[in-house]
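> With the input below, show me the fold.
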Amino acid sequence: MTDADWRTDAGLPRFPRHVPHSFARLIDEADGAARQALARQIEPSLEEDVFALEETSDPLGEGRYLVTPYLVHQYPNRVLALVTGKCLGHCRYCFRKSFTARSRGFLSEAEQDAIVAYLANTPAVREILVSGGDPLTAPPDSLFAFLEKLRAVRSDLLIRLCTRGPVFAPEKFTAEFVHRLAALQPLWVIPHINHPAELGAAQRDCITALRTAGIPQQSQTVLLRGVNDSPELLAELFHELVCLGVKPGYLFQCDLAPGTASFRVPPDEGMHIWLRLRDMLSGLSLPQYAVDLPGGGGKFPLSVPALSDRVLPNSTDVSLRIQGNDGKVYRYPLTNV
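Numbering: from 1, shown residues only. Below is the predicted model:
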């Protein structure tokens, strides 16, 4: 496979059904709307055959920023390693389905060495996101061999392990696996969690084991129509995560991947949901609401325009005039004079 293959739909197989056993168990244990919400994320639908004009095989424009075949350097201080095209399960809203549908295996030694060499020669990079696909599809020894190579580059290189594993395959987080992860710090686990019903007993035990081992966790959630497009439901999820020791990081707008229109909540509705969340949650529990701008524009915080109408014009004095949660207008000085 060449580095360009995964960025086009040429020869792309239909995104197959792939439901992990642990998630199937969660679906069976859930009732009513929760059961439908979990199944909607993972079960194929005819809605996937409907393509919107703006949708593209590389909605984040990651191909623009490839510096090795599987290393993306879009932001000055961090890079993204696409270490595998295999996933623990196939989320139907996946923004990299043009990559994961091919189920490409783990990085070869040469591909790993190219990433390590780039990091060694680019000291401005302070963080690396290890993603894919899902890194936890790799045999543990293969994954840890790569992570240890990354750790050898610099002791202060922050590793972010991006995975659906705590939800889709909590059984992979054995005591030995967690111990080996803890030895690679600074390392964060970035679990992808969308719904409170995804936090079953096994999933909670997995998150707790990571926390007990001293491994920090920051979640990411995708705002999805018919799954979690409710401020009350999201508030429940984010509060539960904080109680488990997971910092809610991002609430993402669903990306413009082919066949995902039925999952997308319009941004203005999403901003309304986020504003409701802001009233319901503390800063500790409130994630950033963000969109990855199509074609490679990077992450943009939709929380900024959501709050923009609360910053009021002022021509009479040198201060910000901001509408508080109580509806009253408050001033904050722009200078220390």
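> Show me which positions of stretch 150-167 end up buried.
Buried residues in stretch 150-167, counted by 16 or more other C-beta atoms under 10 Å: 150-151, 153, 157-167. For the C-beta atoms, the positions are set from N, CA and C on the backbone; glycine is no exception.
> Geometrically speaking, which residue is the centre of this structure?
Gln220 (4.3 Å; C-alpha atoms, centre = their mean).
> That one: what secondary structure?
Per DSSP: H, G, I helix; E, B strand; the rest coil, the secondary structure class of Gln220 is strand.
> Next one: it, what pLDDT does it get?
pLDDT, Gln220: 98.
> Distance check, the residue lying closest to it once chain neighbours are set aside against His21.
Setting aside the residues directly before and after it, Gln220 is nearest to Tyr250 in space (C-beta to C-beta, 6 or more residues apart in numbering), at 4.5 Å. For Tyr250, the distance to His21 (C-beta to C-beta, to the nearest Å) stands at 27 Å.
> of these two, who's got more company?
Tyr250 (19 against 11; other C-beta atoms under 10 Å).
> Surely the more buried one is in a strand?
Yes - assessed by three-state DSSP, Tyr250 belongs to a strand.
> tell me the strands in the stretch 101-250 of the chain, going along the chain?
Ranges of strands within the stretch 101-250 of the chain are 127-131, 158-163, 187-191, 217-223, 246-253, based on DSSP state E, counting those that start in this stretch.
> Quick check: bridge partners of the residue nearest to Gln220?
Taking DSSP bridges as the rule, Tyr250 bridges to Gln220, Gln288.
> Surely it and Gln288 touch.
Yes - in this structure Tyr250 lies within contact range of Gln288 using C-beta atoms under 8 Å: 5.5 Å.
> from the buried residues of stretch 150-167, which is closest to Asp49?
Comparing the buried residues of stretch 150-167 against Asp49 with C-beta to C-beta places Arg164 closest, at 24.4 Å.
> So what are the structural domains in the chain, by residue number?
5-301, 312-337 (automatic domain parsing).
> Let me see the contact set for Arg160.
When contacts are counted by C-beta atoms under 8 Å, 6 or more residues apart in numbering, Arg160 touches Glu127, Ile128, Leu129, Val130, Leu187, Trp188, Ile190.
> who wins for neighbours among these?
Ranked by neighbour count (other C-beta under 10 Å), the contacts of Arg160 have Val130 at the top, with 23 neighbours.
> Identify the bridge partners of that one.
Counting by DSSP bridges, Val130 is bridged to Ala81, Leu161.
> For it, give its distance to Leu187.
As judged by C-beta to C-beta, Val130 and Leu187 stand 9 Å apart.
> list the residues that contact both of these two?
Overlap of the contact sets of Val130 and Leu187 (by C-beta under 8 Å, 6+ apart) consists of Leu147, Ile159, Arg160, Leu161.
> May I ask which two of these are separated the most?
Greatest spacing in the shared contacts of Val130 and Leu187, by C-beta to C-beta: Leu147 and Arg160 (11.2 Å).
> could you point out where the stretch 51-200 of the chain is predicted with low confidence?
Residue ranges of the stretch 51-200 of the chain with pLDDT under 70: 101-103.
> And the helices in it, which stretches?
97-100, 109-120, 140-153, 165-168, 175-182 (DSSP state H, counting those that start in this stretch).
> List the contacts of the nearest residue to Glu54 once chain neighbours are set aside.
Leaving aside its sequence neighbours, Glu54 sits nearest to Leu256 (C-beta to C-beta, 6+ apart; 5.1 Å). Neighbouring residues of Leu256 by C-beta under 8 Å, 6+ apart: Ala52, Glu54, Glu55, Thr56, Pro59, Phe95, Arg264, Pro294.
> Tell me if I'm right that the third one and Phe263 touch.
The reference is to Glu55. No - the criterion here is C-beta under 8 Å, and Glu55 misses it with Phe263 at 11.4 Å.
> are any of the contacts of Leu256 buried, and which?
Glu55, Thr56, Pro59, Phe95, Arg264.
> would JSON lines of the residues you listed with distance to Pro76 be doable?
As requested, the buried ones among the contacts of Leu256 are exported to JSON lines (distance: C-beta to C-beta, whole Å):
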{"residue": "Glu55", "distance to Pro76": "29"}
{"residue": "Thr56", "distance to Pro76": "25"}
{"residue": "Pro59", "distance to Pro76": "22"}
{"residue": "Phe95", "distance to Pro76": "23"}
{"residue": "Arg264", "distance to Pro76": "30"}
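> nearest to Ala34, of those?
Out of the buried ones among the contacts of Leu256, the member with the shortest distance to Ala34 (by C-beta to C-beta) is Arg264, at 21.1 Å.
> What is the burial count for the closest residue to the closest one other than its chain neighbours?
Spatial nearest neighbour of Arg264, excluding adjacent residues (C-beta to C-beta, 6+ apart): Cys254 at 4.5 Å. Look at Cys254: counted by other C-beta under 10 Å, it has 21 neighbours.
> Likewise for Asp141?
Neighbours around Asp141, by other C-beta under 10 Å: 9.
> Contacts only, for the residue nearest to Arg264.
Contacts of Cys254 by C-beta under 8 Å, 6+ apart are Tyr93, Val222, Leu223, Leu224, Arg225, Thr260, Phe263, Arg264, Val265.
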